[in-house]
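In: Need coordinates for the following:
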Amino acid sequence: MNTTNNGINLTKYPLQSRQSSSYQSLIKNARIQLLTTGCATFPQFFTKQAILSSSKEAANAATTAFACDNQHNAFQLSGKDYSYDAKHPRNTFMRTRVASQAYDELDRQGCLYQLYNNDSFLKFVQEVTDQQELHRLADPLGACTVNIFKPGWYHAWHFDESEFTTTLCLQQSENGGEFEYTSPLRNDQSIDKCSSAVSAILNTHSEYNTSVPSTTETTDETSETAVPVVDTKISDFQPGTLQIFAGRYSFHRVKEIPITATKDRLVAVLCFSTEPNVVNSAEVQQMFWGRSSL
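Out: Coordinates of the predicted model:
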């Protein structure tokens, strides 16, 4: 494996020695972390040289990258659903401001592109997420991207479309821009099973005021009568840190960067799927890259 192109810190993360006890221990501990907290973290995964070159590429792209200033609800669904109350999280739309360097804009010789297309790295993500098979996204825009948060920008609370999201920090702002997340709130893409917890988090950790009507249903321990999970965590996400995150199941956001900051937050997003030929919806493509391949 070419460490110059891929940028992996093989001393700390021996992806070239998958049968070794150190690698097997790494996978075991990461699975436990992902299952219990919703997020497995790998500090110093990317080498300093790879961080430098990738952040420089992203910073150059930041001047022309499409900037999203849009609204979405917690479930990444468009339009209001009038079968829900007006103040239900399904009908609560929150502002997000972020730019994104699309996959087809990446330098194919760069460390980030090479990392995403490295088979050993794909296998590593597959084993951490304990999947029988894993595929790179077939999305020409959203397969592997770089999110660019400028001063005053942020990403509102949401669930991802992808089951797992793999992110790599390239640059942090001086302050603000923290990644805040919950333990898994659901085990599928249901709205009803987690909306009480979602509402509680939005009411406590955002400026939005939501409500979920009470119900007498008791057939499912994860129904609206369940006690909402409202605890949140802040990730220690230093440059070079890799995160594998259960984004479809764990509620999360990127907090606002102060307008006085002088550095952008640059985070690579490397997407995989348990099914082949997966592409983001046209709505998501249009929202984050201003165009659609569909």
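In: From here on, just use CA atoms for contacts and neighbour counts.
Out: Fine.
In: Would you mind listing the buried residues in stretch 41-53?
Out: Neighbour-count burial for stretch 41-53, counted by 16 or more other CA atoms under 10 Å, picks out 41, 42, 43, 44, 45, 46, 47, 48, 50, 51, 52, 53.
In: Stretch 287-294: end-to-end distance?
Out: 13 Å (CA to CA, to the nearest Å).
In: buried sites along it?
Out: 287, 288, 289, 292.
In: which residue ranges form the helices in the stretch 151-294 of the chain?
Out: Here the stretch 151-294 of the chain has its helices, by DSSP state H, counting those that start in this stretch, at 195-205, 282-289.
In: Just the CA atoms of the first one, as CSV, please.
Out: Pointing back at helix 195-205 there. This file holds the C-alpha atoms of helix 195-205, laid out as CSV (Å, rounded to 0.1, in the frame of the first residue of the first chain):
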residue,chain,number,x,y,z
SER,A,195,-39.5,11.8,17.2
SER,A,196,-40.0,12.4,21.0
ALA,A,197,-36.3,12.2,21.5
VAL,A,198,-35.6,14.4,18.5
SER,A,199,-38.1,17.0,19.8
ALA,A,200,-36.5,17.0,23.2
ILE,A,201,-33.0,17.5,21.7
LEU,A,202,-34.1,20.3,19.4
ASN,A,203,-35.9,22.0,22.3
THR,A,204,-32.8,21.7,24.6
HIS,A,205,-30.0,22.2,22.1
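In: buried stuff in that helix?
Out: 195, 196, 197, 198, 199, 200, 201, 202.
In: closest to residue 182 among those residues?
Out: residue 201 (9.1 Å; CA to CA).
In: pLDDT score for that closest one?
Out: Note on residue 201: pLDDT of 96.
In: Now do it against residue 192, distance only.
Out: Distance, residue 201 to residue 192, using CA to CA: 15 Å.
In: One more: residue 64?
Out: From residue 64 to residue 192 the distance is 39 Å (CA to CA).
In: What of residue 15?
Out: 40 Å.
In: Give me the more crowded residue out of these two.
Out: residue 15 (18 against 13; other CA atoms under 10 Å).
In: did I read that right, the more buried one in a helix?
Out: No: using DSSP: H, G, I helix; E, B strand; the rest coil, the assignment for residue 15 is coil, not a helix.
In: wouldn't residue 134 be in contact with residue 272 here?
Out: Yes: using CA atoms under 8 Å, residue 134 is in contact with residue 272, at 6.6 Å.
In: ok, those two, which is more surrounded?
Out: Of the pair residue 134 and residue 272, residue 272 is the one with more neighbours under other CA under 10 Å, namely 24 against 18.
In: how about the residue lying closest to the more buried one once chain neighbours are set aside, what does it touch?
Out: The spatially closest residue to residue 272, leaving aside those adjacent along the chain, is residue 136, at 4.6 Å (CA to CA, 6 or more residues apart in numbering). Shown in contact with residue 136 (CA atoms under 8 Å, 6 or more residues apart in numbering): 122, 143, 271, 272, 273, 276.
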